[in-house]
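Participant: next input, structure requested:
(2 chains)
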Amino acid sequence: DTGVSQDPRHKITKRGQNVTFRCDPISEHNRLYWYRQTLGQGPEFLTYFQNEAQLEKSRLLSDRFSAERPKGSFSTLEIQRTEQGDSAMYLCASSYATGPEPGQPQHFGDGTRLSIL
Amino acid sequence: GNSVTQMEGPVTLSEEAFLTINCTYTATGYPSLFWYVQYPGEGLQLLLKATKADDKGSNKGFEATYRKETTSFHLEKGSVQVSDSAVYFCALRGGGRRALTFGSGTRLQVQP
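Facilitator: Modelled structure (predicted):
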């Protein structure tokens, strides 16, 4: 069990640029989640996949955000035309569940810290 | 909708003191409840969980009891150590949703 891996750990970019983050979940986990955490706050849910299907998206996920999990393994989160307010820690989590049941607890990666200049 | 309220920090204690971090929640039905811990420079780690009323989760000397009558899941430890210094997050999963809803976190500082 190598844990949830996120890349890069830090990303600094200028406002208006596009950025893409990658998450590799624990290998046998079929569910993958993206959260955003700003300073002094708890993580907020963005979106969730079961295998390759994106099953839920938060209202926080504006049309500048897109997430994919093409083969049901790793996932990418892209932010287009970044804004100052996008500066945050982006967390990925994974878990295993059979069918519609809640399943096992989520395991988190160390996150990608995004800073917009 | 789901929500979690935690006591504000920072909480500053001396080593071997008793710890309580309050957590209350709002949710429909019977949510599962969790405590996650975030050590400096690290990601969130699951500390303990409880999935039904009156369940007690425990790990590393920490305990929390699922109290449905008071909608609470307070975290306790009898004797804290400097190494327990971290941010603690209370979270729930329920109301038909798979995602976690987190509180804002409570920073614990333990002094030698």
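Participant: check contacts around the closest residue to A:Pro105 other than its chain neighbours.
Facilitator: Excluding its sequence neighbours, the residue lying closest to A:Pro105 (CB to CB, 6 or more residues apart in numbering or on different chains) is B:Leu46, at 5.1 Å. Glycine gets a C-beta too; all of them are placed from N, C-alpha and C. By CB atoms under 8 Å, 6 or more residues apart in numbering or on different chains, B:Leu46 lies in contact with A:Pro105, A:Gln106, A:His107, B:Phe34, B:Trp35, B:Tyr36.
Participant: so which of these would you say is closest to B:Ser14?
Facilitator: B:Trp35 (22.0 Å; CB to CB).
Participant: is that closest one in contact with B:Phe89, as I believe?
Facilitator: Yes. With contact defined as CB atoms under 8 Å, B:Trp35 counts as touching B:Phe89 (7.1 Å).
Participant: could you check how far the closest residue to chain A within chain B is from A:Asn18?
Facilitator: For chain B and chain A, the shortest gap (CB to the nearest CB) falls at B:Phe102, measuring 3.1 Å. Distance, B:Phe102 to A:Asn18, by CB to CB, to the nearest Å: 28 Å.
Participant: between those two, which is the more surrounded one?
Facilitator: The residue with more neighbours, out of B:Phe102 and A:Asn18, is B:Phe102; 23 against 11, by other CB atoms under 10 Å in any protein chain shown.
Participant: tell me, how many residues neighbour B:Gln109?
Facilitator: 14.
Participant: so how far is the one helix or strand it maps to from its chain's centroid?
Facilitator: In the assignment (DSSP states H and E), B:Gln109 maps to strand B:106-111. Offset of strand B:106-111 from its chain centre (CA atoms, centre = their mean, to the nearest Å): 13 Å.
Participant: near chain A, anything from it?
Facilitator: No. Residues of strand B:106-111 contacting chain A under CB under 8 Å from any CB of the partner chain: none, with a closest distance of 9.0 Å.
Participant: can you name every helix or strand that that strand contacts?
Facilitator: Packing partners of strand B:106-111 (3 or more CB pairs under 8 Å, 6 or more residues apart in numbering or on different chains; DSSP states H and E): strand B:11-14, strand B:19-21, strand B:86-93.
Participant: strand partners (parallel or antiparallel) of that strand?
Facilitator: Next to strand B:106-111 in the sheet, as set by DSSP bridges, lie strand B:11-14 (parallel), strand B:86-93 (antiparallel).
Participant: let me see the contact set for the residue in chain A that chain B sits nearest to.
Facilitator: Closest to chain B within chain A is A:Gly42: 3.1 Å, counting by CB to the nearest CB. Applying CB under 8 Å, 6+ apart to A:Gly42 gives the contacts B:Val4, B:Phe89, B:Ala91, B:Phe102, B:Gly103, B:Ser104, B:Gly105.
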